[in-house]
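[1] no sequence for this one, just the structure:
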């Protein structure tokens, strides 16, 4: 679960993304308990309120849920939900940008497809 924090993005977002990564990779299966906000805070040496903000972001999205007095757990269907969310983000952040730049440079759809295939073999 260890990773380096990136100064260019809010820490709470990075905490949420790290949990999502662990859900996608199967490190945190559905219905498994996740670290407490205090454990996240101690592990990453951050303010507990920041850790709570990252965890609560995922609660708000239905990826995690709280069991009163017990802790936080990965929701049923969370992996599928996270993958779909990430696919949409990938489309918005990379595909749309790439297609716009390709159009600007006069790269045809066929040329772009060839470039993608070539990149897959790199």
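    Structure's in. What do you need? Small disclaimer: the values here were computed from a predicted structure and weren't measured. Numbering: from 1, shown residues only.
[2] break the chain down into its domains, please.
    Residue ranges for the domains of the chain, per automatic domain parsing: 11-78, 83-120.
[3] okay, those, which one's buried deepest?
    Ranked by mean neighbour count under mean count of other CB atoms under 10 Å, these are led by domain 11-78, which reaches a mean of 16. Placement of C-beta: from N, CA and C, glycine included.
[4] ok so, going back, relative to residue 5, which of the domains of the chain is closest?
    Closest to residue 5 of those is domain 11-78 (CB to CB; 6.0 Å).
[5] that closest one spans what distance, first to last residue?
    Terminal residues of domain 11-78 are spaced 22 Å apart (CA to CA, to the nearest Å).
[6] centre-most residue in this protein?
    Ranked by distance to the mean C-alpha position of the chain (CA atoms, centre = their mean), the top residue is residue 17 at 3.4 Å.
[7] any chance you could list what contacts the strand or helix carrying that residue?
    Counting by DSSP states H and E, the element that carries residue 17 is helix 11-24. Defining contact as CB atoms under 8 Å, 6 or more residues apart in numbering, one finds that helix 11-24 is touched by 1, 3, 5-6, 27-28, 30, 34, 40, 44, 46, 50-51, 53-55, 57-58, 63-64, 74, 78-79, 82-83, 85-86.
[8] now, which of these lie within helices?
    Per DSSP state H, helices hold the following members of the contacts of helix 11-24: 40, 44, 50-51, 53-55, 57-58, 78-79, 82-83, 85-86.
[9] that older thread, adding mean pLDDT as columns, could you present the domains of the chain in a markdown table?
    Converted to a markdown table, these look like this (pLDDT from 0 to 100):
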| stretch | mean pLDDT |
| --- | --- |
| domain 11-78 | 95 |
| domain 83-120 | 94 |
